Structures are given as C-alpha cells and as structure tokens.
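1. Mind looking at a prediction? Sequence and model below.
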Amino acid sequence: MLTSGVFAPLRGFLDAADVATVDVRGTLADGTPWPIPVILDVPADVIPPDADHLVLQDQEGSPLAVLAITERLARPAPDDPAAGPGVVRLAGPVTALREPEHGPFRPLRRRPAEVRAELSAAAGPAGITGGNVLAYATRRPLNKRHIGQLRHFASQLNARLLVLPLITGPADIVTRPEALVRAVLAASQHLPPGTLVVPVPLASRDAEPDQKTADLRAAAAVAAAYGATHLLADSPSVTGSPGGKKNSPLELPGVPIGVISAGEWAYDPRSEVWRPLALIEPGAEQGELTDSELAALLDSGAEIPAWFTPPSVARELRRARPPRAERGLAVFFTGLSGSGKSTIARGLAEALIEQGDRTVSLLDGDQVRHLLSAGLTFSRADRDLNIARIGYVAAEVARHGGIAICAPIAPYAQARATARELVTEVGDFLLIYVSTPVDVCAARDRKGLYAKARAGLIQGFTGVSDPYEEPRDADLVLDTSVMTRQQAVDAVLKLLVTGGWLADAPDEPAEPNGTPGTRASGSMLRLGPAVRRI
C-alpha cells in the first residue's frame, strides 16, 4: 500500500507526532490532510536496540522493502496491556525493493497511477465526460440493492464506477478473498459499461474505537488514490453527516473526496425493483436477507431468491459456499489419553466409509506419530506445533471437499483455536470434547502411563503433571464412562445429519444380541454452546 502509491502521499510509517495530529485533526504534523494512522508494531524481541533498518518480507521470505527506522516507541502488548512493553512501534520512510507477488487475479491488482490515467481519459466507454468517479469499497458480494444504488448514484453524478473489493482479512459470506473478487466481477456485469474492478489489500481497522467510521475514512483515502471523486457509503448512519441530511456528502476529517450516504433502501414487490424506502408505500417494502438467512440458504442448498441477487452472483455464492452436504469438514476430537476419542474417531470413520457419501481421512495413530509428529517432544511449543500440523492437513482435506477426522489430545485452547482457524478458511470445523473423567482414563490405561506419571517417572503427562484446558467452545461433549462406543459414534453421526453435513441418517446398528440399536440418551452427552439447534 505504501510502495505502490495507494497510501500516497505517505512514504512510510507515521511517527508519534503524525499519529497524534491525525487522531485530533485529520492531518499530518505538517498540515497535509490524512485520515488514518498507518503504523507498524513489531514484537520487541525481534528488533535489536541498535538496529536502524528493518527488511520487510512477504510470507515466503522474499524482501519487499526496507524501513529506515527514525523513531521507536515501546508499547504494551496488544493482547495484554498490563503485561508492560511487549511490542515496539517503528516509524520511518519505506523504500521498495521488488514488486510483491499478488497471486490470483494479478492483472486486476493495478497501481493507482495506471487506474487514474484510465479514468481521466476524455470519454469512457459509456461516453461519460464529466470527470466524476464514484467508488464503492466492499468486503461482501454485491446484491441487487448494491447494484441499484450504484447505478442510481452514478447516474446522478454522471460518474464512472470504481468497485474496490477489500481482500485483506475474511470476506463476508464467502470467506475467501478470491471468492469475493469472483462475486464482484459477476455483479459488475449488471453495472454500467466502463465500471472498473480493482482488488485492494485494505485491512479492517477493528482496533480503533469507532471502527465503522475508521473503515470508511480508510476506504475514502484509498478510493481517492485510485482517482475517485466520490465514495458511496453503505451505512446511512455514519458519524459526520452535516445537519443529519440523508444522502448529503459526509464531512470526515482528512478525507479528500466526498462521501455519500446511500440512505435506506428496500425492495418494492409491486414494482419489482430496489428503491429508496421513502418511495415505497409504507408496509409494502421488503428488506434484504440477513447474513444468517443467506448463509442458511447456502448451507442447505436452497435457491437464493431472484429479487435478492442476480443469478450470476448466486452461482458464485454457491461455488464459494457449497451446501454442507458437499462442503469440506474437520471433525476434531479432543480429550485425555484413554478417554475414548481415538475409538470414537475410528468408529466414525468406518461408519462414513460404509455410507460412501463422503471422502474420509483419519488423522490419528501411527501415521500422525511417525510422519506429522516425528521428532517432536512434549514441550508446550512442540505440542502446539503438532496440532498446527494436524490442522493444516485437515484444512487441505476440507479444501477439496473431504472429511478429516482428527483425534489428538490437544490439551491447549489456543492450539485448538489455531486448528479451527486453519480449517474454517476453507470449510467447516466441529470440535468434539470427550470428557471422560481422568480416573476412568487411568483405569483403562493398559501401558501404565498414568501410574508412571503419578509416580514421577514421566514428566509433562497431560492430566497428571501437565494441564488439560477443558474446551468451552465444543460443538458436542461426550462421556464414554456412561455410554458405549456405538452410542458415542451415533451421537456424532446425529450431529452431522442434524447440521446438514450428511444427507441422511444412517440406519440404526443392531446390538450384539440382535435388538435394534439405541441412540445415546441425553444424560450421556450434551451439545456444546457452538451448536445451533435446527
């Protein structure tokens, strides 16, 4: 953003004086209008005290730029202010070393100067000569309301349209940034000719007190860099509207272009168009689908109504978020050694393989210990690394629509959260806590590991000399001290069917005496807080 000119006129990370004046007046210390702080905080222990330059790399380790350090300030750790100085804030000019590798949709990732040159042409494809450019920055796919608003305001301003998908961080509904770009390109087919789509890696400013206004100010600065004269704000209630008049330009400190509030719109069923709410007969209006309603339609595979989004966008939404019965999934068991998690995991894998509806990968046993976990110790760092490796493989299975069944001890909440984060970028994640009491686990221990740990012969043994952090975000909790193996497997299968990951419930298995099997009773299991009853 700094080296490509998106954050022009900035040439580096702001120092304390600039940050202070931006917060108060919307200007840099020298009076140049600028709306947002652009800062760099790094862990204090990675910067030597005498360092005067810092090389900035991409995730592959390729150097992209060099920061000449002109100021450093100790800061409290962001996640624990009471912990004292944990990070250092660096300021100074940044010099580019090489172009970054942008990945998918590389031709669309154009420099601001190139886009401005195209927009400033005497007449665009639509014959527009007024010089106005209306920008819209978004983290979500465009529906028919967005399309109607953009066409309406572009016509009012006699402006070309510039749509900026914001691709840093998760995208609403579709999760992945490339899916967001595909959905925006599909919607652009319904926008005026000459509309430009330029993906921008602008992160949400969720650390700032008024996030909505901060995000809007940041988007306006970026839009201005690409040549926009106006920015359409999605929310009708953003701080800064002069006199509170609807659809009037907002005055935001440091923002160099006009920001227009879209106002309240709704669908008019009688005219079958989206329009300002004030133009619809009271009581006849229809609001758009909420995110949860849209997600429920996509999860079930139901049709998205045509009044809400064009068919081309609906196709991209379904590609990005297929029905749960076709979506990749990780079923992640956690519990003490001897709790029964591996037994349930194997039983679940066997049941799914017998059904034949889904591709199943079992990440447990010798393959994990001898391949993924080879060379790791039982230190906290190595245990976390082990769970991260399992989470990575599970995510790759989910990415291709399979079901990964994992059964590590996974004693630490943060490591489990890391695995969940890896998987949910590409699929779904269910955490199953096998809560069998430690005394029952010890009684089952044929190798005598619990006895050795209690005698001090084994160090760092989970449940004895090392802690187990009980999950508070489990989707299902099972106790195998009060239920059979089959009942536990049935409980997990029921969760998968109820949630839509399996199309149909498997037949009840027969007990050894020939009588029909019975589901686990409510006293034997409980749904975790993350499960929504359907």
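-> Arrived safely.

2. and the residue sitting nearest the centre point of the chain, what pLDDT?
-> The centre of the chain sits closest to P170, judged by Cα atoms, centre = their mean, with a distance of 3.0 Å. You'll see P170 listed with a pLDDT of 86.

3. How about the contacts made by it?
-> Contact analysis of P170 by Cβ atoms under 8 Å, 6 or more residues apart in numbering lists 176, 425. C-beta coordinates here come from the backbone N, C-alpha and C atoms, glycine included.

4. T334 belongs to a strand?
-> Yes - with DSSP: H, G, I helix; E, B strand; the rest coil as the criterion, T334 is assigned to a strand.

5. which SSE is the closest residue to it other than its chain neighbours in?
-> Among residues not flanking T334 along the chain, A410 sits closest, at 4.3 Å (Cβ to Cβ, 6 or more residues apart in numbering). Using DSSP states H and E, A410 sits within no helix or strand.

6. ok, now which ones touch A410?
-> Applying Cβ under 8 Å, 6+ apart, the residues contacting A410 are 332, 334, 387, 416, 419.

7. Go again with 6 Å.
-> Residues in contact with A410 (Cβ atoms under 6 Å, 6 or more residues apart in numbering) are 334, 387, 416.

8. Equivalent analysis for R110, please.
-> V198.

9. Name the SS class of it, please.
-> Criterion first, three-state DSSP; result for R110: coil.

10. With the one 5 residues further on instead?
-> For V115, the reduced secondary structure class is helix; criterion used: three-state DSSP.

11. re the thing from before, okay, the residue nearest to the centre of the chain and E421: tell me how far apart.
-> Distance, P170 to E421, using Cβ to Cβ, to the nearest Å: 10 Å.

12. Phi, psi for D41 please.
-> Main-chain torsions, D41, degrees, to the nearest 10: phi -110, psi 130.

13. pretty sure it contacts G86?
-> No - judged on Cβ atoms under 6 Å, D41 makes no contact with G86 at a distance of 9.4 Å.

14. Buried ones in stretch 385-393, by neighbour count?
-> With burial defined by 16 or more other Cβ atoms under 10 Å, the residues of stretch 385-393 counted as buried are 385-387, 389-391, 393.

15. Among those residues, which one sits closest to N132?
-> The closest of these to N132 turns out to be G391 (Cβ to Cβ; 48.2 Å).

16. For that closest one, list the residues it contacts.
-> 419, 422.

17. what about the helices in the stretch 101-250 of the chain?
-> Counting by DSSP state H, counting those that start in this stretch, the stretch 101-250 of the chain has helices at residues 112-119, 144-157, 177-188, 211-225.

18. Let's see the first one as PDB, backbone CA atoms only.
-> Coordinates of the C-alpha atoms in helix 112-119 are reproduced here as PDB (Å, rounded to 0.1, in the frame of the first residue of the first chain):
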ATOM      1  CA  PRO A 112      -3.200   3.800  -8.600                       C
ATOM      2  CA  ALA A 113      -1.400   5.800 -11.300                       C
ATOM      3  CA  GLU A 114      -2.500   3.400 -14.000                       C
ATOM      4  CA  VAL A 115      -6.100   3.400 -12.900                       C
ATOM      5  CA  ARG A 116      -6.100   7.200 -12.600                       C
ATOM      6  CA  ALA A 117      -4.800   7.500 -16.100                       C
ATOM      7  CA  GLU A 118      -7.600   5.400 -17.500                       C
ATOM      8  CA  LEU A 119     -10.300   7.200 -15.500                       C
END
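
19. can you pull the buried residues of that helix?
-> Here helix 112-119 shows 112, 115-116, 119 as buried, counting by 16+ other Cβ under 10 Å.

20. Report the angle between that helix and helix 211-225.
-> 70 degrees (axes from the mean of the first three to the mean of the last three Cα atoms, to 10 degrees).

21. Could you pull up the mean pLDDT of helix 112-119?
-> Per-residue pLDDT over helix 112-119 has a mean of 94.

22. Between the buried residues of helix 112-119, which sits nearest P437?
-> Closest to P437 out of those is P112 (61.7 Å), distances taken as Cβ to Cβ.

23. Show the contacting residues for A29.
-> With Cβ under 6 Å, 6+ apart, A29 has these contacts: 17-18, 21.

24. still on that earlier bit, may I see the buried residues of helix 112-119 organised as JSON lines, with distance to L431 added?
-> Below are the buried residues of helix 112-119 laid out as JSON lines (distance: Cβ to Cβ, whole Å):
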{"residue": "P112", "distance to L431": "44"}
{"residue": "V115", "distance to L431": "44"}
{"residue": "R116", "distance to L431": "49"}
{"residue": "L119", "distance to L431": "49"}
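
25. quick check, nearest of these to F378?
-> P112 (51.7 Å).

26. Identify the residues contacting the closest one.
-> 5-6, 225-226.
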